[in-house]
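# How does the following fold in three dimensions:
(2 chains)
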Amino acid sequence: MTTFADLGLSPKVLSAVTDAGYTIPTPIQAGAIPPALARRDILGIAQTGTGKTASFVLPMLTLLEKGRARARMPRTLILEPTRELAAQVAENFEKYGKNHKLNVALLIGGVSFDEQDRKLERGADVLICTPGRLLDHCERGKLLMTGVEILVIDEADRMLDMGFIPDIERIAKLIPFTRQTLFFSATMPPEIQKLADRFLQNPERIEVAPPSSTAKTVTQRLVATHGKDYEKRATLRDLIRAQDDLKNAIIFCNRKVDVAELFRSLDRHGFSVGALHGDMDQRARTTMLANFKENKLTLLVASDVAARGLDIPDVSHVFNFDVPIHAEDYVHRIGRTGRAGRSGAAFTLVSKRDGKFLDAIEKLIDQKIEWLSGGIEDLPPQAESEERERPRGGRDRGGRDRDRDRSRGRKGEPRATETRIETSESEEKVEAVKAERKAEGRPQNPARNPRAANHAAPRPANDDSRDRRSRYRRDDDDGPTPLGFGDEVPAFMLIAGKA
DNA sequence: AAAAAAT
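Below is the predicted model of the structure:
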């Protein structure tokens, strides 16, 4: 059996690999490292989760042991589609390059130029970049690309999706053609093949089987839900609470605004939760991801920025709050769990309107996904209330659901994912008003349900069905209704605040 | 029905 020791890596690199606990290379590593060390061009067709990053980091480290960097003349250049991926590759250089004295510079947007400039000035052995920021540095004249010996283009198909190919071409033109090029892509559509043909000279082609993409170790289920945001959020909360083996989870939304909104909702409900999407400032992105990786956050609500490539080990669950619009994204998303042979669970919330996207997914993965408990047609009728979203109160964070849990003695301990948040004074007042109303046998907070008054079958005065924890219960997370408006709550106050 | 990336 091939071990890392058989691949021709330098002793310094080998010892770092051993220290990291690896002995057996993955197929892409075994296939790509020897020709890369022989200075061949590489065409690697491999998805994330196959050990692709190490397949270029390790030989680069070995090759970089000869020679030294000169100011403003980087020796190697790695292009990544997202900032997080770039940062992750930089971490790999730290980990496997701990026996080297290499200058690694991370050139990504969203952070200041100063430190990046300083590193360039000092002479970078390795430059890890997102295309925009790299070109920015080039245009500022801080960077000479004529010394680049190795160019890595990672996630080429994703770069294509993101419209980066013109940038990549511009960058490639600045680099001498005597360079060695390592080119990686998860898929090989014709445009990518053309690009590879232009960039690579007589490459060694290594193709590895898609990592058990919809792996057998991942239990996939569909969860029927009504389609309103609050109904989906309630379904999701119940689903999360029902998981006994949940260690940590990524929850995917299709849109950034929905990431922000779901994050706020879960946070208010006391879940240990973070958010990640491309409109957040870079510091927040970095800390959120770090906290999630360090298990300081149990849940991460994310856009597809997190769907591919991010190496977050040991995610026990993936929840698709939205059915992804592009079927491939489904595969990438659920590929965040069940990695390296571990078991994982992936749940996808499906409402009526998601039908055709679901069909496309099942066609792509060539299997039918089981429903957790009945399909959409089996859903109980929509909750009788058609209340709309209420405004978001800044001060009424969390707590309320669990307060009721206690006072009513409902069974079920708060799960590990939930943390207690102090009930604010204003919230206590609202609770007090509610309790008073209830004692008087009046419907709770009528302003919250303008239609309740003329509902065909009014609830008995002591009916507390509204409060029963049910996936169909009205989302109760949106703060107290503004008191004093009666049925005349201005429309603008009912619109969910978008970040 | 989207997201990502330079400012």
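# mind listing what A:Q243 touches?
When the contact criterion is CB atoms under 8 Å, 6 or more residues apart in numbering, the partners of A:Q243 are A:A249, A:H317, A:A345. C-beta here means a position set from N, CA and C on the backbone, and glycine is covered the same way.
# Please report phi then psi for it.
phi -90, psi 120 (degrees, to the nearest 10).
# re the thing from before, pick out whichever of the contacts of A:Q243 sits closest to A:D304.
Top of the list for closeness to A:D304, among the contacts of A:Q243 and by CB to CB, is A:A249 at 16.0 Å.
# how many neighbours does the closest one have?
The number of residues packed around A:A249, counting by other CB atoms under 10 Å, is 26.
# Give me the nearest residue to it, chain neighbours excluded.
Among residues not flanking A:A249 along the chain, A:H317 sits closest, at 3.7 Å (CB to CB, 6 or more residues apart in numbering).
# picking up where we left off before, closest one of the contacts of A:Q243 to DNA strand B?
Sorting these by distance to DNA strand B puts A:A249 at the head of the list, at 18.0 Å, by CB to the nearest atom of the strand.
# The residue nearest to A:A249 and A:A345 touch, don't they?
Yes - with contacts counted by CB atoms under 8 Å, A:H317 reaches A:A345, the gap being 5.0 Å.
# Between those two, which contacts overlap?
Counting by CB under 8 Å, 6+ apart, the common neighbours of A:H317 and A:A345 are A:Q243, A:T337.
# higher neighbour count, those two?
Counting neighbours by other CB under 10 Å for A:H317 and for A:A345 shows that A:H317 has the greater number, 25 against 21.
# Contacts only, for that one.
For A:H317, the set of contacting residues under the criterion of CB under 8 Å, 6+ apart consists of A:Q243, A:L246, A:K247, A:N248, A:A249, A:I250, A:T337, A:G344, A:A345, A:A346, A:F347.
# Remind me which helix or strand the second one belongs to.
Read it as A:L246. Take DSSP states H and E as the rule and A:L246 turns out to sit in neither a helix nor a strand.
# So A:L106, which state does it fall into?
The local conformation at A:L106, judged by DSSP: H, G, I helix; E, B strand; the rest coil, is strand.
# how about A:L143, what does it touch?
The contact partners of A:L143, taken as CB under 8 Å, 6+ apart, are A:R72, A:P74, A:L120, A:L134, A:H137.
# Of the residues you listed, which is the most crowded?
Busiest of the contacts of A:L143 [other CB under 10 Å] is A:P74, holding 29 neighbours.
# count of neighbours near A:L310?
Summarising burial for A:L310: neighbours were counted as other CB under 10 Å, giving 22.
# ok, back up a step: now the contacts of A:L143 in CSV, with distance to DNA strand B and pLDDT?
Supplementary listing: the contacts of A:L143 in CSV, determined by distance: CB to the nearest atom of the strand, whole Å; pLDDT from 0 to 100:
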residue, distance to DNA strand B, pLDDT
A:R72, 18, 92
A:P74, 16, 96
A:L120, 15, 94
A:L134, 7, 96
A:H137, 9, 94
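# Just put the residues you listed in TSV and tack on secondary structure.
Rendered in TSV, the data for the contacts of A:L143 read as follows (three-state DSSP):
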residue	secondary structure
A:R72	coil
A:P74	coil
A:L120	helix
A:L134	helix
A:H137	helix
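# which two from those end up farthest apart in space?
Pairwise across the contacts of A:L143, and taking CB to CB, the largest span is found between A:R72 and A:L134, at 13.2 Å.
# Now do the residue nearest to A:A249 against A:V301, distance only.
13 Å (CB to CB, to the nearest Å).
# Strands of chain A, start to end?
Remark: strands assigned in chain A by DSSP state E are A:42-45, A:76-79, A:104-107, A:126-129, A:150-153, A:180-185, A:204-207, A:218-224, A:249-252, A:273-276, A:299-302, A:317-320, A:344-350, A:370-371.
# what does the model give A:P381 for pLDDT?
Confidence at A:P381, expressed as pLDDT, is 75.
# What residues does the stretch 201-350 of chain A have near DNA strand B?
Taking CB under 7 Å from any atom of the strand, the part of the stretch 201-350 of chain A that reaches DNA strand B is made up of A:254-258, A:277-279, A:303-305, A:322-323, A:325-326, A:329.
# Just the closest of those to A:Q47, please.
Proximity of these to A:Q47 (CB to CB) peaks at A:D329, which lies at 12.8 Å.
# and the residue of the stretch 151-300 of chain A nearest DNA strand B?
A:G278 (2.7 Å).
# Make sure A:L300 is actually in contact with A:M288.
Yes - counting by CB under 8 Å, A:L300 does reach A:M288; the two are 7.0 Å apart.
# The two: which is more packed in?
Counted by other CB under 10 Å, A:L300 and A:M288 do not tie: A:L300 has more neighbours, with 27 against 23.
# and the nearest residue to the more buried one once chain neighbours are set aside, how far is that from A:A105?
Spatial nearest neighbour of A:L300, chain neighbours left out: A:F292 (4.6 Å); criterion: CB to CB, 6+ apart. In this structure, A:F292 lies at 25 Å from A:A105, with CB to CB as the measure.
# do the same with A:D197
The separation that A:D197 has from A:A105, given CB to CB, amounts to 30 Å.
# okay, among the residues of the stretch 201-350 of chain A next to DNA strand B, which ones form the most distant pair?
A:D279 and A:V323 (21.9 Å).
# Neighbour count: the two, which is higher?
Between A:D279 and A:V323, counted using other CB under 10 Å, A:V323 has the larger neighbour count: 23 against 13.
# In this structure A:S15 contacts A:Y96, no?
No - counting by CB under 8 Å, A:S15 does not reach A:Y96; the two are 9.8 Å apart.
# on that earlier part again, between A:D197 and A:A105, who's got more neighbours?
For the pair A:D197 and A:A105, the greater number of neighbours falls to A:A105 (24 against 11), based on other CB under 10 Å.
# Report the separation between the more buried one and A:G374.
A:A105 sits 54 Å away from A:G374, taking CB to CB as the criterion.
# How about the residues of the stretch 51-200 of chain A by DNA strand B?
Within the stretch 51-200 of chain A, the residues that sit near DNA strand B (CB under 7 Å from any atom of the strand) are A:81-84, A:108-110, A:129-136, A:139, A:161-164.
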